[in-house]
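> Okay, predicted coordinates and the sequence, questions at the end:
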Amino acid sequence: MKKAFITGVTGQDGSYLAELLLTKGYEVWGLVRRTSVFNRERIEHIYLNKKNENFKMIYGDLSDSSNLSGIIYELEPDEVYNLAAQSHVGISFEIPEYTSDVVGTGTVRLLDAIKKSKKKIKFYQASSSEIFGKVHEKIQSESTPFYPRSPYACSKAFAFYITRNYREAYNLFAANGILFNHESPRRGENFVTRKITLSIARIIKGLQNELTLGNLDAKRDWGYAPDYVEGMWRMLQHNKPDDFVLATGETHTVREFVEKSFNIANIDIQWEGKGANEIGINKSNGDVLVKVSEKYFRPSEVDILQGNSEKAKTVLGWENKTTFDQLIEKMVNADIDYVNKYNFIYK
Ligand code: NAP
Ligand code: G4F
């Protein structure tokens, strides 16, 4: 039985990856942090199910090298997936030093513990399309130069290079997955897609009046998280370590995401005004449902991301499965259920 160790198991991707690896017969160990309030909603359905006796949790933190090296020494996993991060780009401007420590130095801490292990351990690094930032090419691939635009993206760029460096210097099986945005009903509530779908569910239930956003013109390549964790696993099953882009190949504005999400709830949005004064109105009754606030603008923005995952298709046989419209439908419907039931269990 293969043993996997996942950092960030309580996060969106960690929870889907744990499910995937359990179905493939792995013993899965997830790193969890001590928190004053339990934050394990995304993995509750896994560890409360007696059938998942191969799922185990272990306390730790990416800021604690002695803890990480102790875990690698004790567990001797076959595969390590480093998904832990302060992953919010906007918030990284508020806490740049912490973000660099966890996202950047945290990756070296883990790589170094793996380097010292007697076992040949495969390592997956959760790299990000944010490293392309102020893009040098219209469509970004593994060969596109980096131009990071936030403390988060600068830290991910460092983590990318240190992963590649450990691969070349110490012959580690270390792979970077350069993943474009991927979403799901388990997405954190302060990322733009989930903020939109949850707000719409609350608006139609009468629990919220309006949705306030930042840059409506930003464009992203949005996929569906369960499709992407399959790609992470494939990278570690390949016969040699390498770097791969996972993306849908399409790009859409935040504005489009808002319009399509409201459409699922049979509401048509009409836009009026410009910049911070722009509003989105319910066409049928004139209610203001969307506002813009400069509070959500970033000091330096990534205007557009659009990925080319041809290499992952050719080498790994990985392809995006879920369309933009299907993703929106899944998220809006899940949030409508969530708000209706309240005692929502992540699916
Ligand atoms: P997420 O939902 O924000 O989850 C982040 C995870 O990291 C959580 O389990 C969190 O634990 C953990 N974590 C944060 N700080 C930590 C620390 N100091 N020590 C240990 N664990 C810590 O992120 P995600 O969307 O699943 O993304 C997974 C990874 O992929 C992240 O590295 C992210 O930067 C990267 N990525 C994501 C996307 C995307 O679109 N989702 C795209 C490209 C790359 P708590 O639950 O305790 O906070
Ligand atoms: O949903 P976002 O916060 O995601 P962002 O910044 O693209 O980062 C996510 O994807 C990266 C991969 O490219 C990951 F590496 C990273 O960890 C994270 O998962 O923002 C998307 C866009 C931005 O341009 C932002 O300015 O939406 C814009 N936006 C507009 N209004 C907003 C809002 N973003 C947020 N979070 N909240 C708003 O109200």
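Yes, it's here. For clarity, every value in this text was computed on a predicted model and none was experimentally measured. Ligands and ions are numbered 1, 2, ... in the order given.
> all helices for the stretch 1-150 of the chain, in order.
12-23, 44-47, 65-75, 89-92, 96-99, 106-116 (DSSP state H, counting those that start in this stretch).
> so which of those helices gets nearest ligand 2?
Ligand 2 lies closest to helix 89-92 among the helices of the stretch 1-150 of the chain, at 3.5 Å (Cβ to the nearest ligand atom). In this view, the C-beta of every residue, glycine as well, is placed from N, C-alpha and C.
> Next, see if that closest one gets close to ligand 2.
Yes: using Cβ under 6 Å from any ligand atom, helix 89-92 reaches ligand 2 at Val89, Gly90.
> Show me what that helix is packed against.
helix 151-170 (3 or more Cβ pairs under 8 Å, 6 or more residues apart in numbering; DSSP states H and E).
> Give the closest residue to Arg220 in space, chain neighbours not counted.
Excluding its sequence neighbours, the residue lying closest to Arg220 (Cβ to Cβ, 6 or more residues apart in numbering) is Asn181, at 4.8 Å.
> now Thr7
Closest to Thr7 by Cβ to Cβ, 6+ apart is Ala84, at 3.7 Å.
> For beta bridges, what are the partners of Lys122?
Here Lys122 sits in beta bridges with Glu79, Phe173, going by DSSP bridges.
> which ones are touching Tyr166?
Leu111, Ile114, Lys115, Phe123, Leu172, Ala174 (Cβ atoms under 8 Å, 6 or more residues apart in numbering).
> for Tyr47, that is, sorry about that
Arg40, Phe55, Met57.
> Wait, the last one touches Thr7, no?
Read that as Met57. No: judged on Cβ atoms under 8 Å, Met57 makes no contact with Thr7 at a distance of 11.7 Å.
> More neighbours: which of the two?
Taking other Cβ atoms under 10 Å, Met57 and Thr7 do not tie; Thr7 has more neighbours (28 against 17).
> my guess is that one contacts Asp64, does it?
No: the criterion here is Cβ under 8 Å, and Thr7 misses it with Asp64 at 11.5 Å.
> so what's Phe132 closest to, chain neighbours aside?
Leaving aside its chain neighbours, Phe132 sits nearest to Gln140 (4.5 Å; criterion: Cβ to Cβ, 6+ apart).
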